[in-house]
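Engineer: Only the shape, not the letters, is given here:
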């Protein structure tokens, strides 16, 4: 157990929360609130109050935008290669954002009107879904060309390139079984044909609601030239039709990009001429370059950049008062999960144990601690917080607030409440008081303190006996990430999987055997059937109702424990990176093609 969590947090605060929940004592509640400096806020979303004069509202500066400049944007990981169609390394996903086009992309939103996942054209300009919903026909954007560098030399894209890219996807891509029905009977696409020089036709196995969204995901189809077969190595070069072209890649050092003059929208976007992506693994180094003004901003990590830690936001802002501190809304990434062992003899097959463990988690305390809420409040910044259900608290389409009795989450909402008394009663009824179990997690990891916090809460609030078991990356991947629920105890830190349409997440983390990442060794009652049914419900209201029923059932059965919640985001940036924070893209898309193309460098604000 780290000194951070044990001495600074639990030793001072958790005993008061536990006393308050177990005894219901008014005195205990008052003692806790006094210790925490709180006022009984329930953590739900509410209107903001005074922000201490530190927080700015992101502004639209597009009308003043000027082309040119260089943006230094660090990358926190060293990818083994940069071929998006063949690598399995997650960090590679952030490189194609700049140079490759997808069939379609997601329309950007802004801080006042967040993105919804609405589709717009990218490589393809238009499309049509047949009346029986069994075929989608795309039309290629006229005159689209590859970048001017050799060996493609700015040539026009042909259907040979589309066929090459599709065949690479369904033969080598990590997500190939999500596309090809020949590889997976649940996948939607039976065949792809190119009947003429500008038309691509996909025939489907069955009607599939999110078929267009599937072509926009960041781990999906990109258009590569046929030269990638023998005239250049796509593991170390990129030649595409996207907004920037890769001019130099030095492994372990940097990736250098320049505006692609052949980009279909080059007359108006992108504004920024050069993007330099030094590979900086050490947080301290990224932070130093940020404060020096070399780097414009840090984060969010979901965009493949180093992220400024919450505990550093206020100190950095004080040291660098010229930086802007922007309130940029809520992260729409789906929550990381604590997943239970699902073997036939597993004690977690008893829902009472799963429900009890969830009620031992003090969500407010966890959110306050790991999002540095007290430090913000000390500066007069009223921080809005939200609890996750099993769905993302930042996704307004489906999220039902576990704290709001009117949200519709139903019976399962009570299992999100911090209630050690009822939790202990459930454990006693199940005959599992003082249960010993493994708590497995990846190490090293930036989430270690969070894992320790979960473990300590289960131990101190419920008298359980978790054994923290760190696993190296490869062992964690085989045991937990693709372990299918057949591990011993609990596996921590199972990320949600990227995808704009909810079906991608359901197939990645919920529906039995839909992908190799699903952590359940058998179908989940009711939930599995609903996951299948929503795929073919084209009435949006009816489909939304189905998805929310899945959310209700996941809460009721408490099939996993999601990370407790989020706060609204506060991001620091130097003022010369204009439109940052205002333009926003959905998690799961290509942030470069959807947001970065609208950023611009305002040199007048560098002084």
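Structural biologist: Nice, I can see it. As the structure is a prediction and not an experimental result, all values here were calculated from the model. Numbers count the residues shown, from 1 in each chain.
Engineer: what's the spacing between residue 126 and residue 540?
Structural biologist: 22 Å (C-beta to C-beta, to the nearest Å). No exception for glycine: its C-beta is placed from N, CA and C like everyone else's.
Engineer: What ranges in the stretch 251-400 of the chain fall below the confidence cut-off?
Structural biologist: Scanning the stretch 251-400 of the chain with the threshold set as pLDDT under 70 gives 301-303.
Engineer: And the chain, by the same measure?
Structural biologist: Within the chain, the stretches with pLDDT under 70 are 1-50, 88-93, 301-303, 496-499.
Engineer: Show me what the helix ranked longest in it is packed up against.
Structural biologist: The residue-count maximum for a helix in the chain (DSSP state H) belongs to helix 540-557. Contact partners of helix 540-557 among helices and strands, from 3 or more C-beta pairs under 8 Å, 6 or more residues apart in numbering; DSSP states H and E: helix 527-534.
Engineer: how about the helix it packs on: buried residues?
Structural biologist: For helix 527-534, burial by neighbour count (16 or more other C-beta atoms under 10 Å) applies to 527, 528, 530, 531, 534.
Engineer: Tell me who's in contact with the nearest residue to the third one once chain neighbours are set aside.
Structural biologist: Meaning residue 530. Once flanking residues are discounted, residue 530 sits nearest to residue 550: 4.9 Å by C-beta to C-beta, 6 or more residues apart in numbering. Residue 550 makes contacts with 506, 510, 527, 530, 531, 534, as judged by C-beta atoms under 8 Å, 6 or more residues apart in numbering.
Engineer: Export the residues you listed to JSON lines and append columns for distance to residue 51.
Structural biologist: Below are the contacts of residue 550 laid out as JSON lines (distance: C-beta to C-beta, whole Å):
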{"residue": "506", "distance to residue 51": "37"}
{"residue": "510", "distance to residue 51": "38"}
{"residue": "527", "distance to residue 51": "41"}
{"residue": "530", "distance to residue 51": "41"}
{"residue": "531", "distance to residue 51": "41"}
{"residue": "534", "distance to residue 51": "40"}
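Engineer: Closest one of the residues you listed to residue 132?
Structural biologist: residue 534 (19.2 Å; C-beta to C-beta).
Engineer: Please give me every residue in contact with the nearest residue to that closest one once chain neighbours are set aside.
Structural biologist: What sits nearest to residue 534 in space, not counting adjacent residues and going by C-beta to C-beta, 6+ apart, is residue 546, at 4.3 Å. By C-beta under 8 Å, 6+ apart, the contact list for residue 546 reads 530, 533, 534, 537.
Engineer: 10 Å - rerun?
Structural biologist: Residue 546 makes contact with 502, 529, 530, 531, 533, 534, 535, 537, 539 under the criterion C-beta atoms under 10 Å, 6 or more residues apart in numbering.
Engineer: and if you look at residue 186?
Structural biologist: Going by C-beta under 10 Å, 6+ apart, residue 186 touches 177, 178, 205, 206, 507, 511, 513, 514, 515, 532, 535.
Engineer: rerun at 7 Å
Structural biologist: Applying C-beta atoms under 7 Å, 6 or more residues apart in numbering, we find residue 186 in contact with residue 514.
Engineer: Make sure it is indeed in a helix.
Structural biologist: No - Residue 186: not assigned to a helix; according to DSSP: H, G, I helix; E, B strand; the rest coil it is coil.
Engineer: Now do it against residue 591, distance only.
Structural biologist: Per C-beta to C-beta, residue 186 is found 29 Å from residue 591.
Engineer: so, if you compare the contacts of residue 550, which one comes nearest to residue 425?
Structural biologist: Proximity of the contacts of residue 550 to residue 425 (C-beta to C-beta) peaks at residue 527, which lies at 25.9 Å.
Engineer: Surely the closest one touches residue 552?
Structural biologist: No - the pair residue 527 / residue 552 is not scored as a contact, 9.7 Å apart, by C-beta atoms under 7 Å.
Engineer: gap between the residue nearest to residue 530 and residue 412?
Structural biologist: Applying C-beta to C-beta, one obtains 11 Å for the distance of residue 550 from residue 412.
Engineer: now do residue 185
Structural biologist: Distance of residue 185 to residue 412, given as C-beta to C-beta: 31 Å.
Engineer: Which one's more surrounded, these two?
Structural biologist: In this view residue 185 and residue 412 are compared by other C-beta atoms under 10 Å, and residue 412 has more residues nearby, 21 against 8.
Engineer: My guess is residue 54 contacts residue 325. True?
Structural biologist: Yes - Residue 54 lies in contact with residue 325 (C-beta under 7 Å); the separation is 5.2 Å.
Engineer: what's the overlap in contacts for the two?
Structural biologist: Common neighbours of residue 54 and residue 325 (C-beta under 7 Å, 6+ apart) are residue 317.
Engineer: Compare the two and say which is more crowded by neighbours.
Structural biologist: Neighbours per residue, other C-beta under 10 Å: of residue 54 and residue 325, the larger number sits with residue 325, 21 against 18.
Engineer: now the strands: where do they sit in the stretch 151-300 of the chain?
Structural biologist: Listed in chain order, the strands of the stretch 151-300 of the chain (DSSP state E, counting those that start in this stretch) span residues 189-196, 199-204, 244-250, 254-259, 274-278.
Engineer: Great, nothing more from me.
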